[in-house]
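Enquirer: Build me a model:
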Amino acid sequence: MTLTRADFHEQNLASAQDEARRLFGQKKLLQGAWLNWVASQLYQLQPAPYASMVRRELTRLQETSEN
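Expert: Numbers count the residues shown, from 1 in each chain. A predicted model of the protein is given here:
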């Protein structure tokens, strides 16, 4: 049985949110080096749809922290 996109999202959302929080948590520590570091971390995540989920969560965290 193949996972639908919705099934994949549902099964991996909590993990993607945790990973995004972990990555975002390093922002203050790494400061100016954070952007390159986080890009390299995202590049290593597999599969690609999971990496996209983490990226979206990171974007959401950044937008929330700016407001």
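
Enquirer: Quick one: end-to-end length of stretch 39-50, please.
Expert: This stretch, stretch 39-50, spans 14 Å end to end (CA to CA, to the nearest Å).

Enquirer: how far out from the middle of the chain is that stretch?
Expert: Chain-centre distance of stretch 39-50: 8 Å, with CA atoms, centre = their mean, to the nearest Å.

Enquirer: and what of stretch 35-55?
Expert: Mean C-alpha position of stretch 35-55 versus that of the full chain (CA atoms, centre = their mean) differs by 6 Å.

Enquirer: Report the central residue of this protein.
Expert: By CA atoms, centre = their mean, the chain has its centre lying nearest to Val54, at 2.1 Å.

Enquirer: Surely Trp34 and Gln26 touch.
Expert: Yes: here Trp34 reaches Gln26: they are 6.3 Å apart, a contact under CB atoms under 8 Å. All C-beta atoms are positioned from the backbone trio N, CA, C, and that covers glycine.

Enquirer: check which helix or strand covers the residue nearest to the centre of the chain.
Expert: In this structure, Val54 sits in helix 48-66 according to DSSP states H and E.

Enquirer: Identify each buried residue in that helix, please.
Expert: By 16 or more other CB atoms under 10 Å, the buried positions in helix 48-66 come out as 50-51, 53-55, 57-58, 61.

Enquirer: pLDDT added to those residues, as a markdown table?
Expert: Output for the buried residues of helix 48-66, formatted as a markdown table (pLDDT from 0 to 100):
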| residue | pLDDT |
| --- | --- |
| Tyr50 | 97 |
| Ala51 | 97 |
| Met53 | 97 |
| Val54 | 98 |
| Arg55 | 97 |
| Glu57 | 97 |
| Leu58 | 96 |
| Leu61 | 96 |
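
Enquirer: Pull up the gap between Leu13 and Leu29, please.
Expert: 26 Å (CB to CB, to the nearest Å).

Enquirer: and the two? which has more neighbours close in?
Expert: Between Leu13 and Leu29, counted using other CB atoms under 10 Å, the more crowded position is Leu13 (12 against 9).

Enquirer: Quick check: that one touching Val54?
Expert: No: checked against CB under 8 Å, the pair Leu13 and Val54 is beyond contact range at 10.4 Å.
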